[in-house]
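[1] quick check, what structure comes out for this input:
(chains A, B and C)
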Amino acid sequence: MKRRHLVFVAEHSLAIALAVMFLAPLVFVVLTSFMTSDQQLTSQLWPRTWHPSNYAEAFAKTPLARYLLNTVLYAGSATLLMLLASVPAAYALAKLRWRGRTSMFIAIICVMMLPPQVTTVPLYLLWASWGLTGSLWPLILPLLAGDAFSIFLLRQFLVTIPDDYLDAARVDGAGEWRTLLRVVVPMAKPGIAAAALFQFFYAWNDYYGPLLYTSENESAWTLSLGLASFRTLHHVEWHLISAATLLTMLPIVVLFFFAQKAFVQGVTLTGVKG
Amino acid sequence: MRSRFLAALAFAALVAAGCTPAANPQPIATSGVEPTGTVEFWHFFADREAAAIAEIIDDFRAKYPKVTVVVKDSQDDAKMLQAIGSGQGPDVGLSYSTDIVGKFCHTGAWVDLAPYIARDNIDLAKFPETVRSYTQYRGKRCAMPFLADTYGFYYNKTYLAEAGVTAPPKTLAELSDLAKRLTKRKPDGTIERAGFLPLWGFYEFSPSHFAPVANAKWLNADGTSAIGTDPAWQQVLRWQKELVDWYGYQNLEKFRASLGDEWSADHAFHKGQIAMMIDGEYRIAFLRDQAATLEFGTAPMPVLDQSRYGAGYVTGNVIGVSKHAKNPEAAWALIRYLTTDTGAIVKLANGIKNVPTTVDSLASADLKVDPEFKTFLDIFSHPQTSTTPPSAVGPAYQEQFTAFCDRWQSGNAKDLSGGLADVDKQINQLVQLAG
Amino acid sequence: MSTASARRRQSWRRRLVVLSFVAPALAGLVLFLGYPLLTAVYFSFTRVDLVNPPQWVGLANWRFLLHDPNVRLAAGNTLWLVAVMVPARIVAGLLTAMLLNRVRHARGLYRTIFYLPALAPPVVATLAFVSLLKPGTGPVNTMLAKLGIEGPLWFNSPEWAKPSLVLLALWGVGDLMILFVAALLDVPAELYEAANLDGANAWQKFRFVTLPGISPVVLFAAVTGIIGTLQYFTQAAVAASVASGEATTGGGISSTFGYPEGSTFTYPLWLYVVGFRFNALGYANVLAVLLFVVAASVTMLMLRRFNAFAGSTR
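    Coordinates of the predicted model:
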């Protein structure tokens, strides 16, 4: 009895300590967002005077609402396209046997290995020749081909699904697409949810992509680009950037809080054994 | 099958790589033509400063109603280069540093403005010589100066008075002396207040800003590095090391780590943690804003040889016409207005608090000047004031040298002349690579 | 109908099915691997400035690789980070995930809190973290002093700068943690039951049930961690600028890269500087190709060693 109590207290103490450490720098951002420009980045961490007006000012100085819309469109469509293309590819790499499978798997991983500073140059020239720069299309359209990171991730999750379930479906006469959609996807929900969330958050916070392709067209800016505009030549307005950052984070934090229940649905297996 | 596929890819890559859109070699019009058309203007300012520029552009629009100006702010050099490289981009571009002049002139990304200057009888003598030097490369004048930053010396009058000194130091020897006298240490030996913080890279104390103090040379006429062969550099570095060692390098680094951010109200000079420092003219506005009770004075930087006193470092924004400009006449009209029209320049200088770049605007009665700011205007016009020369490798020579200076001041590099010779070699190799 | 032709028809149908699954990804491989890689290799043999057509220079760029002192420093820093940051993050991610799965109350809240740092935009997140650890103005050393400990100079010390970057990365371990949470939940419950019946203790359960069950995800974390750390750029650049006292969002801050004393100068930073600031873009492509080769070799070794290619047997 006592031992369980001790363990309970130990676990929760640890969790709380970690929570404090994880939150501390973010508390710094919150505090900075209420400061005057003079107090930012000084040793006085607690705002001398409180300025919730910083949030209004951040809204007033830049069209955050439009940036928000662009960001939602970008992140949403990128995630959707990524899933449509990546889940089948990952399934084929994980559960189907075919010649060239290993080569393709290696090639997918290799996509991540070229430094972005270098891949962007030829790709930018390509998109420019198609007249698509100045918009978010160069960032969204590539997801039609899936995303290397997501494919790799999904493949690893799918590999853990026991073959017995697939065999059972095949014995019942189901084709591969049916097996994927009816049997595999429900079982792979945690992995798929993880991949979707990662893609969404990556696009949401993506700074260099929109910077490269949309900086000359302000109506296509995303929130991350908007964050960087709170500066003058010799001065960065961190207090406003902090306020805008928290506003930017709010939607995805809320999204995560509600979506992480999808992880909770673990795989419960009954019956079929190998 | 695989090798054919690869070959097709290789071919496609070669074709794509070789295909850059051809430039628009329009002959320049004869004088008297009224500029028309659209000009897209990119600059890097944001926020309040962008608003200041917008005002000037409105004035331009009033003067040239047939020209439509589209302004995009917050665009930086990298973005401009990529855009020009892909055949698009601005017609007129503004850069915040002179680092790109070498490259943009050399590659033709910005066009040579000499024909326009000659045709419109622009008197280049209206620009101080230093300013002329950082807007051209190897005889090609592909940029015009926009506004400038001048660097000089700030000192805390109160601290100097405590030590019985009324005038700021004029030579490096005097600077060391005064720095040592004004330094206060804590009982455990760590620094409480530094007379002068001589670490390269601290705030604005950098070899780039300090070179004019000794007339130290960066590049030879052919673009190769002159650092190893100029004795002035060795003198500066030995002077600096002597002062660093007096403080103790570790003590200095520890002290430096405890200081506030340069762009915050905790700036060490604002808080009285350092008594003297090198900085640009923009610091005046920050001091007035954030440290109103601090009694500070401005002066030229202390120099190696007294005859050079009054000289300083200047750098500036530059503006040019892209090779893909569809209406080069209109683009040139905009640049000419922004860089030679005294009224426009003075308005800009007052709005952005930088130094105006023409002799006429410097003398203009509309220019808002106070005694501290005047110091910088004087430095700007001083004949021995210099800048970091344009190079095809951008700031490479400065940054490779600064990396050596870091090793030198920490004691990791012990062979001064050998180390500098190595720096020369590295820079020359980079120059070869970048053409 | 002969069985041979029936089999052939079946195998063609099979190939079509597989193709229907991988066609988009295959197209992506051509566009986002083949094309940039070939361009990079081609550019590495040229002098290229994006404005004029590239000029062939043969091995000149590659030869510079042998004489370049910066690349040795940069590669050393990056390899150190790979060797330390990747395992540290995996262990930390796994431990926090296991802790989270054990805690009974407010699980959702804890998960969100632990994941928050990973959700913050990298520039602001790094600024906040480094500011807290700044020796003079940040609160961490002040608190340590109250406990009687003299705190190190963290991001301002050449010896502590890289370990501080690892701490920064551990602070952001939420993304790995989420993966492990999902993976841990995927391990079939009855395997644990069976192990309990066999009388296994906690460590044995971990070693023989948990680890094998989550190993594909651990491998994923290792491979993507290595590849990602080989490209570690933004946080190193921002941390150096904040620590050196010139916190900016960008715009020519390369003068502070590597502060202090080059200890945070990573390989991608050098690639960026030499290619885009010093205009030696051909040489930057040399560095990129080299990075690719190293990353590919390390990854292949790892995947082969851990037999990751064994997917399914159908």
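[2] count the neighbours of the residue lying closest to B:Asn156 once chain neighbours are set aside for me.
    Distances taken as CB to CB, 6 or more residues apart in numbering or on different chains put B:Ala275 closest to B:Asn156, at 4.8 Å, once the chain neighbours are dropped. C-betas here are computed from N, CA, C, even on glycine. By other CB atoms under 10 Å in any protein chain shown, 27 other residues sit near B:Ala275.
[3] may I have the secondary structure class of B:Ala275?
    strand (DSSP: H, G, I helix; E, B strand; the rest coil).
[4] show me the shaky parts of the chain.
    Reading this off chain A. Chain A contains residues with pLDDT under 70 at A:1, A:233, A:262-274.
[5] meant chain C, my bad for not saying
    In chain C (pLDDT under 70), the answer is C:1-2, C:248-254, C:308-314.
[6] break it into its domains for me.
    In terms of domains, chain C is parsed into C:3-43, C:69-305 (source: automatic domain parsing).
[7] most packed of those?
    domain C:69-305 (a mean of 20; mean count of other CB atoms under 10 Å in any protein chain shown).
[8] gap between that domain and the chain center?
    7 Å (CA atoms, centre = their mean, to the nearest Å).
[9] just stretch C:293-313 next, same as before
    16 Å.
[10] spatially central residue for the chain, please.
    Because you didn't say which chain, this covers chain A. Centroid-nearest residue in chain A: A:Phe201, 2.3 Å away (criterion: CA atoms, centre = their mean).
[11] not quite, I wanted chain C
    What sits nearest the mean C-alpha location of chain C, by CA atoms, centre = their mean, is C:Gly228, with 2.2 Å.
[12] now that residue: how far from C:Ala222?
    11 Å (CB to CB, to the nearest Å).
[13] on that earlier part again, I figured the residue nearest to B:Asn156 hits B:Tyr154, correct?
    No: between B:Ala275 and B:Tyr154 there is no contact under CB atoms under 8 Å: 9.5 Å.
[14] between the domains of chain C, which one is closest to B:Leu172.
    Smallest distance to B:Leu172 across the domains of chain C (CB to CB): 23.0 Å, for domain C:69-305.
[15] closest approach to chain A from chain B, which residue is it?
    Minimum separation of chain B from chain A (CB to the nearest CB) falls at B:Ser86, amounting to 3.4 Å.
[16] what's the local residue count around the residue nearest to that residue when sequence neighbours are not counted?
    Once flanking residues are discounted, B:Ser86 sits nearest to A:Ala128: 3.4 Å by CB to CB, 6+ apart. Neighbour count of A:Ala128, defined by other CB under 10 Å: 21.
[17] swap in the one 5 residues further on?
    By other CB under 10 Å, the residues close to A:Thr133 number 24.
[18] that one should be in a strand, yeah?
    No: counting by three-state DSSP, A:Thr133 is not part of a strand but coil.
[19] who's in contact with it?
    A:Tyr124, A:Trp127, A:Tyr213, A:Glu216, B:Ala83, B:Ser86, B:Gln88 (CB atoms under 8 Å, 6 or more residues apart in numbering or on different chains).
[20] quick one: the helices in the stretch 1-150 of chain A, in order.
    Chain-ordered helices for the stretch 1-150 of chain A, with DSSP state H, counting those that start in this stretch as the definition, fall at A:2-33, A:53-61, A:64-95, A:101-111, A:116-129, A:137-140, A:148-159.
[21] next, the angle helix A:53-61 makes with the first one.
    For helix A:2-33 against helix A:53-61, the angle between stretch directions is 60 degrees (axes from the mean of the first three to the mean of the last three CA atoms, to 10 degrees).
[22] how much space separates A:Gln199 from chain B?
    26 Å (CB to the nearest CB, to the nearest Å).
[23] the host helix or strand of C:Ala40 to helix A:101-111, inter-axis angle?
    Assigned by DSSP states H and E, C:Ala40 falls within helix C:35-43. Computed by the same axes, to 10 degrees, the angle separating helix C:35-43 from helix A:101-111 equals 70 degrees.
[24] by contact count, what packs against helix C:35-43?
    helix A:116-129, helix B:2-18, helix C:281-305 (3 or more CB pairs under 8 Å, 6 or more residues apart in numbering or on different chains; DSSP states H and E).
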